[in-house]
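S.K.: Next one to model:
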Amino acid sequence: MTASVHPLPTLGLAAPVSDSSLELTLAHVHGPSKLDVEPQSDRELLVKMFDEALKAVDPKTVVSRYLPQPGHRGRTIVIGAGKAAARMAAAVEEAWSGPLEGIVVTRYGHGERTRHVRVIEAGHPAPDAAGRDAARQILALAQSATADDLVICLMSGGGSALLSLPADGIAPEEKAGIAKALLQSGAPISEINCVRTHLSAIKGGQLGVACGEARVVTLIISDVPGDDPALVASGPTVPCTSTALEALDILRRRNIWAPFEVMDRLRGMALQPRKELGPRQVQVIATAQTALAAAGQYARSQGLNVLMLGGSLEGESRDVAAVHAGIAAQIATHGEPTPAPCVILSGGETTVTVRGGGRGGRNAEFLLALALAADGLPLSALACDTDGIDGVEANAGAFIDAHTLARARGVRLDAQNHLFSNDAYTFFERLGDLVVTGPTRTNVNDFRAVLVR
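M.R.: Next up is the predicted model:
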């Protein structure tokens, strides 16, 4: 992964990494910046698999393969949003031979040096004023495009929150409050994005409509299960596949209260015809499966069997952990569906229904639940978010092995209590088993590797 990783000065977790490689750090906030790893240890194998996965979905690796050929008469305009948007823009600049202009918005700390495309950093997962201002500027630039122009739109996960511009009559805090309530309800990202799309002035193809008759080429790094282009960043330049009626139903089923103005807009939209888009080309250039395939290739080179569960798994983190534990038990006990040594690889996006007051993202919660469900099995595992941020914490994820629970008991950590309190971050922080990368500047969602010996 050829990304620069910023240090985390407030926690002192990770040192800057050179632009030639991404060096993953397994760190304890009170310990050294890097734990020594025995050569060929299971921990090292899992970290290397994650590293190979990240390299395969690095924008600098994939973007240039999908750029259109120059030759149009007008301007080349670059617009975009998401955690990978800045690095995607830098990749376009490296590969493009003609003049460029443009604006992209990314999460704070996920920026990249660019020469012609302006990078704006804004709030994520909670939208802020910087994101709304960036959305207005991007929308205005799109509206300036003519039939002679080429618009290259760069979209990746996180774009929904970063490219936040509520529809007329809806206050930003109303839209943000609904998104937060949906997230805490355990709603999958597809439902959250559906609602956000129909409360937006820019999502669901509306940015594409703003481009008029310009040629629009959209390149997408997908973070959604199934890789539907309309769902990544809520599809600003892709025809909307959901309806306002579906958004209303989601709010009802999830028991989410919404102001009168919101409900009135959704009911009104249900009666409106959809606007048509001009000439469009949409290409998904990197997915969870891309990352998992690279990890699997490395695992096989190390003599491991690979059981690929795919990149589209959804569900509660602790439920997905129970399924992985069951599969691991079958492998360890019966050698089925493939014999050990074997690594189980999966991706997608799990969810956490927040009931406790602890800290921790969905990957840390998955691992804590897995450690409990697989107690006694000869396994180790790593689970991380490929953007380098597990939820809202400073770690990408964490690591467990067959001794995790015993080590926890040795320092009087109650794993079950930490899981009950949604406090997986504190649990792994105390054990020194957080995985810290800093921002990776890509995003194909979760990466899970469970190694069974």
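S.K.: Test my guess that Ala325 contacts Ala371.
M.R.: No: Ala325 lies out of contact with Ala371 (C-beta atoms under 8 Å); the separation is 9.1 Å. Where C-beta positions appear, they are placed from N, C-alpha and C, glycine not excepted.
S.K.: Domain map for this structure?
M.R.: Per automatic domain parsing, the structural domains of the chain span 25-57+288-452, 64-286.
S.K.: Redo the ones you listed as TSV? Include mean pLDDT.
M.R.: Shown next, in TSV, are these (pLDDT from 0 to 100):
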stretch	mean pLDDT
domain 25-57+288-452	91
domain 64-286	91
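S.K.: which of the residues in stretch 135-152 are buried?
M.R.: By neighbour count with 16 or more other C-beta atoms under 10 Å, stretch 135-152 contains the buried residues 135, 138-139, 141-142, 145, 149-152.
S.K.: and which of these is nearest Phe366?
M.R.: Minimum distance to Phe366 across the buried residues of stretch 135-152 is 32.6 Å, recorded for Ala135 (C-beta to C-beta).
S.K.: Give the closest residue to that closest one in space, chain neighbours not counted.
M.R.: With C-beta to C-beta, 6 or more residues apart in numbering as the criterion, Ala135 has its nearest non-adjacent residue at 3.8 Å, and that residue is Leu165.
S.K.: Strands of the stretch 51-200 of the chain, residue ranges please.
M.R.: Assigned strands in the stretch 51-200 of the chain, in chain order: 76-81, 101-107, 117-122, 150-156 (criterion: DSSP state E, counting those that start in this stretch).
S.K.: pretty sure Ile152 is touching Val92, no?
M.R.: Yes: contact between Ile152 and Val92 holds when scored by C-beta under 8 Å: they sit 6.3 Å apart.
S.K.: who touches both of these two?
M.R.: 67, 78 (C-beta atoms under 8 Å, 6 or more residues apart in numbering).
S.K.: Next, the residue lying farthest from the centre of the chain: phi, psi?
M.R.: Here the centre of the chain is the reference, and by C-alpha atoms, centre = their mean the most remote residue is Arg73, at 36.1 Å. When read as degrees, to the nearest 10, the backbone of Arg73 gives phi -90, psi -20.
S.K.: Give me the contact list for stretch 132-144.
M.R.: 77, 79, 81, 102-105, 120, 122, 151, 162-166, 172, 201-202, 207, 210-212.
S.K.: Name only those of the residues you listed that count as buried.
M.R.: Buried among the contacts of stretch 132-144 by 16+ other C-beta under 10 Å: 77, 79, 81, 102-105, 120, 122, 151, 162-166, 201-202, 207, 210-212.
S.K.: In terms of helices and strands, where is Val224?
M.R.: Here Val224 sits in a region with no helix or strand, counting by DSSP states H and E.
S.K.: which strands and helices sit next to the helix ranked longest in the chain?
M.R.: Criterion DSSP state H: the longest helix present in the chain is helix 317-334. With contacts defined as 3 or more C-beta pairs under 8 Å, 6 or more residues apart in numbering; DSSP states H and E, helix 317-334 has these neighbours: strand 305-316, strand 342-351, helix 362-373, strand 379-385, strand 446-452.
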